[in-house]
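Novice: Give me the fold of what follows.
(one chain, ligands or ions: 1)
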Amino acid sequence: MHILITGGTGFIGQALVPHLLQAGHRISILSRSRHRDTAQCTFLRSLEELSPDSAPDAVINLAGASLAGKRWTRAYKEELVASRVQGTRALVTYFAESAEPPRVLLSASAIGYYGPRGDDALTEEAAPGSGFSSELCQAWEQEAARAAEAGIRTCLLRLGVVLDRQGGALKEMALPFRFGVASWPGSGHQYLSWIHRQDVVAAMEFLLAEDTLAGPFNLTAPGPVTQREFCHAMRKHFRTLPGMPVPSPVMRLLLGEMAGELLLSGQRVLPAGLRRAGFEYRYPGIDDTLAAIFGTQAGDRLP
Ligand SMILES: NC(=O)c1ccc[n+]([C@@H]2O[C@H](COP(=O)([O-])OP(=O)(O)OC[C@H]3O[C@@H](n4cnc5c(N)ncnc54)[C@H](OP(=O)(O)O)[C@@H]3O)[C@@H](O)[C@H]2O)c1
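Specialist: Okay, here's the model as predicted:
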C-alpha cells in the first residue's frame, strides 16, 4: 500500500514509519522541512508534489504543533489550532476533490476531546467536554469528518498520552524520577489515560486493515491509572524519595493554563471501540509497559 503520512517525522511517526516500511508499504511523508528520500520513503513539502500516477491508498494525519511544547500564549494557541484545523482542512479538501481519493484516512485527535471529567468512564460515545483542548479536538475532528462525507473511510484517533523511552511525554515525566524525586501533579487523583507507542502503531495498522471500521476510536490502554498510581509504578524503576505532590498553584505558575488542562485534571478513557473490534493490546497494564520501556523489572531500579 502507498501511505501518505503528515507529521510522520514526529514522535509517533518515528515508530510508525519504520514499522510500515518493514511491513512492505511505500511511504510518503508530508513535512515542513527537507529530508533525504530513500528507496521506500519519499518526503514532500506540499501535496502538489504527489505524482498523479501514485495516489496514496491511505492517509495518516499526524501533523500538529506540540500541545505540551510551550506555554499556551494567545499566539501559541493560534498555532496549535492552525496546525491542526487548517492543516486537516487543506488535506481533506485536496483528497475529497481528487480523482483517486484514498480508501482510508486515519486522523489524529486526542483524549482532550472529553475535557476534564473526574472519574467518569469515557468511551467513544461520551459527549465532548469544555476547555481549549476539547474545543481544539472537536474542531480538528470536524475537519477530518468531512472526508467521511466525501466517501473516504475515516477513523478519528483519540490518542491518550503516548509512552515510550525516546521522547514524548515520558521523557519529561521521568526527569524528576531520574534525580530521585517522585511526584505527582496536584491531588494525584486525576486519571492519566496512557498507551505504549508500540500499541499506537499496532492499532493504526489494525485500523488501516479493517475495512469495516470508521468513526472515533480511543487509542488508550485498557488500564488508565491515577497520577498517584503512575508515580507509584514509576518508583518501581527509579531510586527515589517517597512520592509527594507538586501543589496545583505551583504547577499553574510554572506552566500556566496548560497545567490545568493537561496535568491537574484528567480523563479516565476506555478503548471500547478497539476492544469491540478485537484489537489485542501488547501492553495493557502500566507495570509491564514501564518494565518494557525502561528495560528493568519492578524493584530492579535505575540509578
Ligand atoms: N504523543 C502523544 O502523547 C499524543 C497524545 C495525544 C495526541 N497526539 C497527537 O498525535 C499527533 C502526532 O503526535 P506526535 O507525538 O508524533 O507529535 P510530534 O512529535 O509533536 O510531531 C508531529 C509533527 O507535526 C509537525 N508539526 C509540528 N509543528 C507543526 C506546525 N506548527 N504546523 C504543522 N506541522 C507541525 C512536525 O512535522 P514536520 O516538522 O516534519 O512538518 C512534527 O514532526 C499530533 O497531532 C498530536 O497532537 C499525540
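Novice: Give me every residue in the protein lying close to the ligand.
Specialist: Within the chain, the residues that sit near the ligand (CB under 6 Å from any ligand atom) are 7, 9-13, 31-33, 62-67, 79, 83, 87, 108, 110, 159, 161-162, 168-169. (C-beta placed from N, C-alpha, C; glycine too.)
Novice: Sort out which of these are buried, if you could.
Specialist: 7, 9-13, 31, 62-65, 67, 83, 87, 108, 110, 159, 161-162, 168-169 (16 or more other CB atoms under 10 Å).
Novice: Looking at these, which are in strands?
Specialist: Using DSSP state E, the subset of those located in strands is Ala108, Ala110, Leu159, Val161, Val162.
Novice: Just name the closest of those residues to Ser248, please.
Specialist: Val161 (19.0 Å; CB to CB).
Novice: where exactly do the helices run in this protein?
Specialist: With DSSP state H as the definition, the chain shows helices at residue ranges 11-22, 74-81, 87-96, 132-149, 168-178, 197-209, 227-235, 248-255, 257-258, 272-276, 286-294.
Novice: Which of the ones you listed has the lowest mean pLDDT?
Specialist: If you rank the helices of the chain by mean pLDDT, helix 257-258 sits at the bottom with a mean of 86.
Novice: how close does Ala272 get to the ligand?
Specialist: As judged by CB to the nearest ligand atom, to the nearest Å, Ala272 and the ligand stand 18 Å apart.
Novice: How about the contacts made by that residue?
Specialist: By CB atoms under 8 Å, 6 or more residues apart in numbering, Ala272 lies in contact with Thr123, Glu124, Glu125, Asn218.
Novice: ok, the nearest residue to Leu16 once chain neighbours are set aside - how many residues close by?
Specialist: What sits nearest to Leu16 in space, not counting adjacent residues and going by CB to CB, 6 or more residues apart in numbering, is Val201, at 5.1 Å. For Val201, the neighbour count with other CB atoms under 10 Å is 20.
Novice: Val201 and His19 touch, don't they?
Specialist: Yes: counting by CB atoms under 8 Å, Val201 does reach His19; the two are 5.0 Å apart.
Novice: Counting neighbours, which of the contacts of Ala272 end up buried?
Specialist: Glu124, Asn218.
Novice: Can I get the contacts of Ala272 in JSON lines including pLDDT?
Specialist: Converted to JSON lines, these look like this (pLDDT from 0 to 100):
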{"residue": "Thr123", "pLDDT": "98"}
{"residue": "Glu124", "pLDDT": "98"}
{"residue": "Glu125", "pLDDT": "98"}
{"residue": "Asn218", "pLDDT": "98"}
